[in-house]
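> Need a 3D model of the sequence below.
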Amino acid sequence: MNDAPTERESESPWARLRRRKVVQWGLAYAAAAWTLLQVIEYFGETYAWPPAIRQIAALALPLCLLFVLVVAWYHGDKGEQKVSRPEVAILAVLVLGVGATVWNYVSRLDERAWEPADGLANIRHVVPKDAASVAVLPFVNMSADPEQEYFSDGLSEEILNDLAAIPGLYVPARTSSFQFKGRAGDVAEFAALLGVAAILEGSVRKSGNRVRITAQLVNAKDGYHLWSQTFDRELTDIFAIQEEISHAIADALKVKLTAKQKLAVARTPPTESLDAYEEYLLGRYKLNKRGQKDIRESLLHFEKAIALDPKFAMAYADLAVAVKMGQRSEWDRLPGDVYRQRWTEEPRSLVERALALDPNRPEVLAAAGYVDFKEGWADWKKALLERALDYLDRSLALWPNSGEALTWKQVTLFALSRYEEAARVTKEAAKRDPLNFIPVGNYADYLYSMGRTSEAAAVVERLRALRPTVAQDIAVRGEMEAGDRAKAVRLALEGTNLNQEDRVVYGFGGDLDQLATLLASLDLRDEVFGAEAFAEAFGKFGWWRGHMAFYECREALALMEKEEESKAELWDYVLPMSCAGDYGELFEWVKKESADPRPLWVVDFSGASFPGWDGILLLIADAARRTGHEADAKIYRDVADRMISGKARAGYRNFFQQAMLFAYDGRDDEAVQKLIATIPYQNYWRAAAAIPLLSPLTKRPEYQEAMKKERAVLDRQRAEVLEMLCGPNPVSKTYKPAPATCAKRTIP
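Below you'll find the model as predicted:
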């Protein structure tokens, strides 16, 4: 008998798997699955498919791999069904690898975008099951004097900050927790919205020099008290009470701190003067409202706090923030402006004083970061922006729940062209502060800029409950980016029906700049230059803006020189000078205003001014090259390239700026394809025809064909808009269309 092993029996397990084509089938399937995922991703972004489609595909395809491997094994050799132990081990590793990948994916689905019903499920912080978490609701003012509300609010905020400094304890930001102020409701509902397992609530009764504080920690699942206590103390003990409450909460939530950690998170009293502290709390109470009048009034309280205690670092820090926030051009024309009359000291000196007094307090570090960011952005100083980032990182290491500091960090990263990091921080800020309209609005804007329209729309729906006018403005921008101009106009007109007192105005006319752009894209010139709302806005901010909506550059430049009160920023001149063909004058003017072009490396106002600062840099580069300044042109071109390419890598849909870069580099075929992709959006088709860098490409047959199709869309959208403005049921109750506009409406 021949006991020698057969050729097949002597094969290695790996060779047998290959002979049975398990390896080949597996690799082929993996390649096909990856290709399919890319196709789904492309069409999902292009046509705004629900994110669940992409997620289900990403979940199903790895699972199907198991089925493919089994079929491959039995199909490979029907005459041999026996499986050796090594082969079982190899298949088990493959199965476990795929299983681990699927499990990892499933475990993160709560953080991904499943078209949430409440609009914020895709950004809410997902706290690990074994992690402690608590939200601090504003304590109720039980004092006889309702004006003492500032004290109960301030006490709640200080306890929240103490808790947030404890390692291993997740605490949502103040702005989100305070959304529930004065609201009766189910603790479980509040906890679910904030993403926490427990709620701290209480009351404060202040009378003379005594204070009674009642606090209770409630389990969100069953409503039972985990801890409760009443403190009857002298006001002089207020800081000790705050620390005692925070440590009691940590113990109740089973957060164990070492002696070293307790020492690290201990917060020294910010001041020894109770009077100064009360003035400071009044200032914070006003500043936190973020309204124009409130910010101005907060200055007076911070000043009084400093007068009572010249060593009060937090009062200096918040005064610096309030002064910097008050430096808005749209507020400068207010009659009897208390801000200008009461305070002239520079925020820089205030924040330096705060740092000298208390250099490691997170609130002081955050204020220093904010001031550096604002000045670095305004003056194009990269070193200031980098220092701002350092201050903010140091603050967040001690104060991780601060949605405010995270938002400032996000815009600082964006100004430094660190787009991928900025995107991550944008989402983190919205997680940490899910009921604050600023980080939530920033996140919605970010999703729109990525082309993730359906996800952004869900976030905007939640934003409506927080700040309706902000939600409306962002929704208008989103529809402009999505290509539905008629819907964007409807949203802009509906926005005029809202209470305008809580509007946050960034630049010219709030939502009117967006409406002017939309009407110009639909050739409704009579409306832009004839409606009362635009007449009022242009009269205040400059009629040149109306001409720039239509890219009438010569007319705009003439008015910019003539209208002394136009409030045109220095770099507002670049676009009209470029499209007017004043290249020599443009380059000489830029060199005069910025002798060293390198400060522009850190500038990026993308979204704030069209075509964005990366596009503005290319216009300057184009002017420099046309006038023979090749070395300068290369500097501007390379900076713009870094910005544009960085955004593209981060996933931003900045096709128009990409088209400008390709056109500048002579890559016309690529440029025209990018340009065609922008035609349905905003007013890009008009911009492309006006900007000399791009206008030759608009004569190309493929672009002309695309525009021919778009004209039919524009005609339909224009008819819809005319019906909104002039029909029997106008969308806006307050906006009055120009008579000349309605005269052109064709009644079916």
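> In space, not sequence, find me the middle residue of the chain.
Centroid check for the chain by Cα atoms, centre = their mean gives N442 as the closest residue, at 2.2 Å.
> looking at it, that residue is touching A430, isn't it?
Yes - contact status for N442 versus A430: in contact at 7.2 Å, counting by Cβ atoms under 8 Å. (Each C-beta comes from the backbone N, C-alpha and C, glycine too.)
> circling back to that earlier point, spit out the contact partners of the residue nearest to the centre of the chain.
By Cβ atoms under 8 Å, 6 or more residues apart in numbering, the contact set of N442 is 407, 410, 426, 429-430.
> 7 Å instead, please
407, 410, 426, 429 (Cβ atoms under 7 Å, 6 or more residues apart in numbering).
> Can you verify the second one is assigned to a helix?
By that I understand Q410. Yes - Q410 forms part of a helix when assessed by DSSP: H, G, I helix; E, B strand; the rest coil.
> State the number of residues packed around it.
Residues lying near Q410 (other Cβ atoms under 10 Å) number 25.
> How about the contacts made by it?
422, 425-426, 429, 442.
> 8 Å instead, please
Contacts of Q410 (Cβ under 8 Å, 6+ apart): 422, 425-426, 429, 439, 442.
> what's the answer for the last one, then?
With contacts defined as Cβ under 8 Å, 6+ apart, A429 is in contact with 403, 406-407, 409-410, 439, 442-443.
> three-state assignment of it?
helix.
> so how far is A549 from the closest residue to A531 other than its chain neighbours?
Closest residue to A531 apart from its sequence neighbours, by Cβ to Cβ, 6 or more residues apart in numbering: A738 at 4.7 Å. Remark: distance between A738 and A549 (Cβ to Cβ, to the nearest Å) = 15 Å.
> of those two, who's got more company?
Neighbours were counted for A738 and for A549 using other Cβ under 10 Å; A549 has more, 24 against 21.
> quick one: that one and T517 touch, right?
Yes - between A549 and T517 there is a contact under Cβ under 8 Å: 5.7 Å.
> Need the residues touching each of the two.
Taking Cβ under 8 Å, 6+ apart as the contact rule, A549 and T517 both touch N683.
> burial of A533, as a residue count?
A533 - counted by other Cβ under 10 Å - has 20 other residues nearby.
> does it sit in a helix or strand, and which one?
helix 532-541 (DSSP states H and E).
> Can you point out the buried residues in that helix?
533-534, 537-538, 541 (16 or more other Cβ atoms under 10 Å).
> On the three-state scheme, the nearest residue to L287 once chain neighbours are set aside is what?
The spatially closest residue to L287, leaving aside those adjacent along the chain, is S298, at 4.1 Å (Cβ to Cβ, 6+ apart). Following three-state DSSP, the label given to S298 is helix.
> circling back to that earlier point, in helices, which of the contacts of Q410 appear?
Mapping these onto helices (DSSP state H) picks out 422, 425-426, 429, 439, 442.
> which pair in those residues spans the largest distance?
Using Cβ to Cβ, these reach their maximum pairwise distance at A422 and P439, which is 12.5 Å.
> higher neighbour count, these two?
Taking other Cβ under 10 Å, A422 and P439 do not tie; P439 has more neighbours (28 against 23).
> Could you find the closest non-adjacent residue to the more buried one?
A429 (3.8 Å).
> Buried ones in whichever strand or helix holds Q673, by neighbour count?
Using DSSP H and E, the element containing Q673 is helix 668-678. With burial defined by 16+ other Cβ under 10 Å, the residues of helix 668-678 counted as buried are 671-678.
> Let's have those residues in a markdown table, adding pLDDT and distance to P167.
Below are these laid out as a markdown table (pLDDT from 0 to 100; distance: Cβ to Cβ, whole Å):
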| residue | pLDDT | distance to P167 |
| --- | --- | --- |
| A671 | 96 | 52 |
| V672 | 97 | 55 |
| Q673 | 96 | 52 |
| K674 | 95 | 48 |
| L675 | 95 | 52 |
| I676 | 96 | 53 |
| A677 | 94 | 48 |
| T678 | 93 | 48 |
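> can I get the residues you listed in TSV with distance to K293?
Shown next, in TSV, are those (distance: Cβ to Cβ, whole Å):
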residue	distance to K293
A671	49
V672	51
Q673	51
K674	46
L675	46
I676	48
A677	45
T678	41
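> which of those lies closest to A650?
Nearest to A650 among the buried residues of helix 668-678: K674, at 16.9 Å, using Cβ to Cβ.
> separation between that closest one and M660?
K674 is 9 Å from M660, by Cβ to Cβ.
> Find the residues that touch each one of the two.
The overlap between the contact sets of K674 and M660 (Cβ under 8 Å, 6+ apart) is empty.
> isn't E201 right next to L137, touching?
Yes - using Cβ under 8 Å, E201 is in contact with L137, at 4.6 Å.
> low-confidence ranges in the stretch 1-150 of the chain?
Low-confidence regions of the stretch 1-150 of the chain, defined by pLDDT under 70, span residues 1-26, 34, 37-63, 65-131, 144.
> Report the buried residues of whichever helix or strand Y316 is part of.
Assigned by DSSP H and E, Y316 belongs to helix 313-325. Judged by neighbour count (16+ other Cβ under 10 Å), helix 313-325 contains these buried residues: 313-325.
> what helices or strands is that helix leaning on?
When contacts are defined as 3 or more Cβ pairs under 8 Å, 6 or more residues apart in numbering; DSSP states H and E, helix 313-325 packs onto helix 274-287, helix 292-308, helix 347-357, helix 362-379.
> Contacts for that helix, please.
With Cβ under 8 Å, 6+ apart, helix 313-325 has contacts from 270-271, 276, 279-280, 283-284, 287, 290, 295, 298-299, 302-303, 305-306, 309, 339, 343, 345-348, 350-351, 353-355, 357-358, 361, 363-364, 366-368, 370-371, 374.
> mind listing the strands for the chain?
Taking DSSP state E to define them, one finds strands in the chain at 132-136, 140-141, 169-170, 198-207, 210-219, 225-234.
> In a markdown table, list those along with distance to K592.
Formatted as a markdown table, these follow (distance: least, Cβ to Cβ, whole Å):
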| stretch | distance to K592 |
| --- | --- |
| strand 132-136 | 54 |
| strand 140-141 | 57 |
| strand 169-170 | 52 |
| strand 198-207 | 58 |
| strand 210-219 | 61 |
| strand 225-234 | 64 |
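> need those strands in TSV with mean neighbour count and distance to I474, can you?
As requested, the strands of the chain are arranged in TSV below (neighbours: other Cβ atoms under 10 Å; distance: least, Cβ to Cβ, whole Å):
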stretch	mean neighbour count	distance to I474
strand 132-136	25	26
strand 140-141	18	33
strand 169-170	22	27
strand 198-207	20	30
strand 210-219	19	34
strand 225-234	14	39
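> Let me know which of those strands is the nearest to R653.
strand 169-170 (33.2 Å).
> Please name the nearest non-neighbouring residue to E363.
Going by Cβ to Cβ, 6+ apart, E363 has M314 as its nearest residue, at 5.4 Å.
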